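Engineer: Sequence and predicted structure, then a few things I'm wondering about:
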Amino acid sequence: METQSVNQGMSELSKRLLSTLLVLGANSPEKALTIEEVATKLGMHRSTIEPELRALVEAGYARQDEIRGSFRVCLTGTGIITASSTYS
């Protein structure tokens, strides 16, 4: 129930980012993606998605890792559940 109410207040871009991370398999730190990789897959500019990705990290849906000096992001357990139920 709580996931459903969170999804209703979530922006379409946030939903799209969560779904994209899920489809691309970014579900663990070892499989984390850079902002550039996510932006390229979505055909969007980094500056468009970076604030939204950071908000997802702050909200606990995604995790930020600093690997080899680059910002990388992957889904948390909550993010995986939310992404799985976003469009159901």
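Structural biologist: Arrived safely, thanks for sending. Worth saying up front: this structure is predicted, and the values here are computed from it rather than measured.

Engineer: CA atoms for contacts and neighbours, from now on please.
Structural biologist: Fine.

Engineer: mind checking the SS state of residue 74?
Structural biologist: Going by DSSP: H, G, I helix; E, B strand; the rest coil, the secondary structure assigned to residue 74 is strand.

Engineer: what about it, neighbour count?
Structural biologist: Here the count is done by other Cα atoms under 10 Å, and residue 74 has 28 residues near it.

Engineer: Residue 21 is in contact with that one, correct?
Structural biologist: Yes - judged on Cα atoms under 8 Å, residue 74 makes contact with residue 21 at a distance of 6.8 Å.

Engineer: okay, and the common contacts of the two?
Structural biologist: The contact sets of residue 74 and residue 21 overlap at residue 27 (Cα atoms under 8 Å, 6 or more residues apart in numbering).

Engineer: Could you list the buried residues of the host helix or strand of residue 13?
Structural biologist: Element membership of residue 13 [criterion: DSSP states H and E] is helix 12-23. For helix 12-23, a neighbour-count test (16 or more other Cα atoms under 10 Å) marks 14-15, 17-22 as buried.

Engineer: which one of those is nearest residue 45?
Structural biologist: Residue 45 has its nearest neighbour among the buried residues of helix 12-23 in residue 17, at 12.9 Å by Cα to Cα.
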